[in-house]
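J.: Provided below are the primary sequence and the corresponding predicted coordinates.
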Amino acid sequence: MKQYDVFICGNFGYSNNQLDGQTVKTRLLKDELSNALGPQNVVYSDTSQWKKEPFLLYKEVKENFKNSRCIIVLLAQKGIRLLLPSFVRWKKKYGKSLRYVVIGGWLPDYAKRDWILASSLKNLDGLYVETQSMKEELNKLGITRVSVLPNFRRFEKMNPGSKHIKLPLRAVILSRIMKEKGIHTAVEAVHSINNRAEEPCITLDIYGQVSKKYAEEFQALLRNKGNIAYKGYLEAEKIQKTLLQYDIMLFPTYYHGEGMPGTIIDAYAAGLPVVASDWKYNSQLVNSGETGILFAPQSTEDLVKKLDGLMSDLQLIERMHGNCLQKAAEYHADKVLEELKQTLYSYMSANERRPPD
């Protein structure tokens with residue numbers, strides 16, 4: 001039976017090409033570890049279609065678990081509640097290293113309400129969350145093997161240079177298109193600003209996969225909104241090049257599960273300051289006046305005010321451009337994943353497996 005160094009279990013979204021924060025991070029981690037260890041040494045199970053063949057998936061997951069040295073799970077609420085107790089039992093039975101890389105910021109609140117989940121989390125060899133605040137919240141629950149692993153991206157590193165900004169300001173949204181991402185707040189703010197001006201002073205392009213539940217409302221929202229357009233969704237390899245066409249990113253979320261949004265890192269990698277809602281952990285990632293501006297969640301009025309301020313001080317955007325490129329370097333995959341890779345190498349070396357040269 002083939003033995004693997006690492007088994008990754010998560011929602012890769014391959015079957016339906018689901019593209020969101022969860023699938024992007026899960027795919028990227030698999031690719032990074034495959035490059036580091038060799039693709040022949042990494043196996044994965046995609047949970048995206050578990051409802052169609054749950055028993056077959058469960059069997060596959062168990063086999064991959066048994067045949068791998070290190071197990072890394074990247075599961076959301078339903079998946080982690082269903083599978084983590086089994087993973088903990090198998091970890092003890094088969095003597096495996098079990099680690100959980102969290103996507104988003106939902107886990108601390110969820111663990112407070114679910115003592116079974118909290119108990120399972122205490123049995124992990126490693127729990128990796130996206131922010132220091134999340135780590136501190138979990139520590140208060142007696143969950144101690146917690147490390148901060150920020151969200152990350154692989155992108156072309158750019159040297160800060162001069163960027164000339166002029167009106168109309170080119171704004172972009174890159175997000176799942178759903179109500180809780182605050183799309184309506186951004187659209188109404190941009191529309192309001194342009195309505196009162198003789199000529200449009202800001203444009204807004206929107207990228208992302210549209211939630212089926214929100215599709216009709218989203219179409220109605222964009223109707224008769226000049227200078228605001230939906231541009232479809234972007235494959236990962238096209239994101240940085242596309243974002244270079246813009247001046248700022250809008251991130252008006254009030255989504256309850258928001259953690260450390262990868263879309264903000266995408267913006268920084270292209271030198272875009274982020275105008276973000278002051279929601280959840282956004283203030284830990286967006287330094288107001290340095291790499292972006294924060295506004296009150298769900299407040300069209302405050303977003304209009306903050307955009308007005310930027311349009312009256314275009315040089316501030318130009319200064320923030322360089323800051324964003326410098327900030328992006330902190331979230332490059334090479335830097336963020338180094339400690340995790342070394343941890344895996346150490347474990348495998350102790351179990352007769354040397355890391356590649």
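T.: It's in. If you're wondering where the values come from, they're calculated on a predicted model, not measured in any experiment.
J.: which residues sit in contact with residue 334?
T.: By C-beta atoms under 8 Å, 6 or more residues apart in numbering, the contact set of residue 334 is residue 154. No exception for glycine: its C-beta is placed from N, CA and C like everyone else's.
J.: Alpha carbons of the strand or helix carrying it, as CSV, please.
T.: With the criterion set as DSSP states H and E, the secondary-structure element containing residue 334 is helix 333-336. Taking Å, rounded to 0.1, in the frame of the first residue of the first chain, the C-alpha atoms of helix 333-336 are listed here in CSV:
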residue,chain,number,x,y,z
ALA,A,333,3.5,31.8,0.8
ASP,A,334,7.3,31.4,1.0
LYS,A,335,7.4,33.3,4.3
VAL,A,336,4.1,32.3,5.9
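J.: The helix or strand that it is followed by packs against which elements?
T.: Past helix 333-336, further along toward the C-terminus, the next helix or strand under DSSP H and E is helix 338-350. Identification of packing neighbours for helix 338-350 by 3 or more C-beta pairs under 8 Å, 6 or more residues apart in numbering; DSSP states H and E yields strand 4-10, helix 21-37, strand 68-74.
J.: and the longest one, which residues are buried?
T.: This points to helix 21-37. Burial within helix 21-37, assessed by neighbour count using 16 or more other C-beta atoms under 10 Å, is assigned to 21-30, 32-34, 36-37.
J.: Which residues does the next helix or strand after it contact?
T.: From helix 21-37 onward toward the C-terminus, using DSSP H and E, the following helix or strand is strand 42-46. Strand 42-46 has contacts (C-beta under 8 Å, 6+ apart) with 4-15, 30, 33-34, 57, 60-61, 64, 67-68.
J.: rewinding a little: JSON lines please, covering the helices and strands packed on helix 338-350 and showing distance to residue 316 and mean pLDDT.
T.: Compiled in JSON lines, these are given as follows (distance: least, C-beta to C-beta, whole Å; pLDDT from 0 to 100):
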{"stretch": "strand 4-10", "distance to residue 316": "39", "mean pLDDT": "96"}
{"stretch": "helix 21-37", "distance to residue 316": "28", "mean pLDDT": "95"}
{"stretch": "strand 68-74", "distance to residue 316": "37", "mean pLDDT": "96"}
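J.: Switch the ones you listed over to JSON lines; also include distance to residue 222.
T.: Below are those laid out as JSON lines (distance: least, C-beta to C-beta, whole Å):
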{"stretch": "strand 4-10", "distance to residue 222": "33"}
{"stretch": "helix 21-37", "distance to residue 222": "23"}
{"stretch": "strand 68-74", "distance to residue 222": "33"}
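J.: May I see the buried residues of the helix holding residue 334?
T.: Residues of helix 333-336 classed as buried by neighbour count (16+ other C-beta under 10 Å): 333, 336.
J.: low-scoring stretches of the protein, by residue?
T.: Applying pLDDT under 70 to the chain flags the ranges 352-357.
J.: Now list the buried members of the contacts of strand 42-46.
T.: Buried residues within the contacts of strand 42-46, counting neighbours by 16+ other C-beta under 10 Å: 4-13, 30, 33-34, 57, 61, 64, 68.
J.: if we can go back for a sec, can you tell me which of the buried residues of helix 21-37 is closest to residue 184?
T.: residue 21 (19.9 Å; C-beta to C-beta).
J.: List the contacts of the spatially closest residue to the closest one that is not a sequence neighbour.
T.: Once its chain neighbours are removed from consideration, residue 21 has its nearest residue in residue 262; the separation is 5.3 Å (C-beta to C-beta, 6 or more residues apart in numbering). With contact set as C-beta under 8 Å, 6+ apart, residue 262 has these partners: 21, 24-25, 151-153.
J.: could I get those as JSON lines with distance to residue 206?
T.: JSON lines is the format used below for the contacts of residue 262 (distance: C-beta to C-beta, whole Å):
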{"residue": "21", "distance to residue 206": "16"}
{"residue": "24", "distance to residue 206": "17"}
{"residue": "25", "distance to residue 206": "21"}
{"residue": "151", "distance to residue 206": "21"}
{"residue": "152", "distance to residue 206": "24"}
{"residue": "153", "distance to residue 206": "20"}
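J.: Nearest to residue 240 among the residues you listed?
T.: Closest approach between the contacts of residue 262 and residue 240, by C-beta to C-beta: residue 153, at 8.6 Å.
J.: Once you drop chain neighbours, what's closest to that closest one?
T.: Nearest non-adjacent residue to residue 153, counting by C-beta to C-beta, 6+ apart: residue 265, 4.8 Å away.
J.: Could you give the number of residues near the one you found?
T.: Residue 265 has 24 neighbouring residues, counting by other C-beta atoms under 10 Å.
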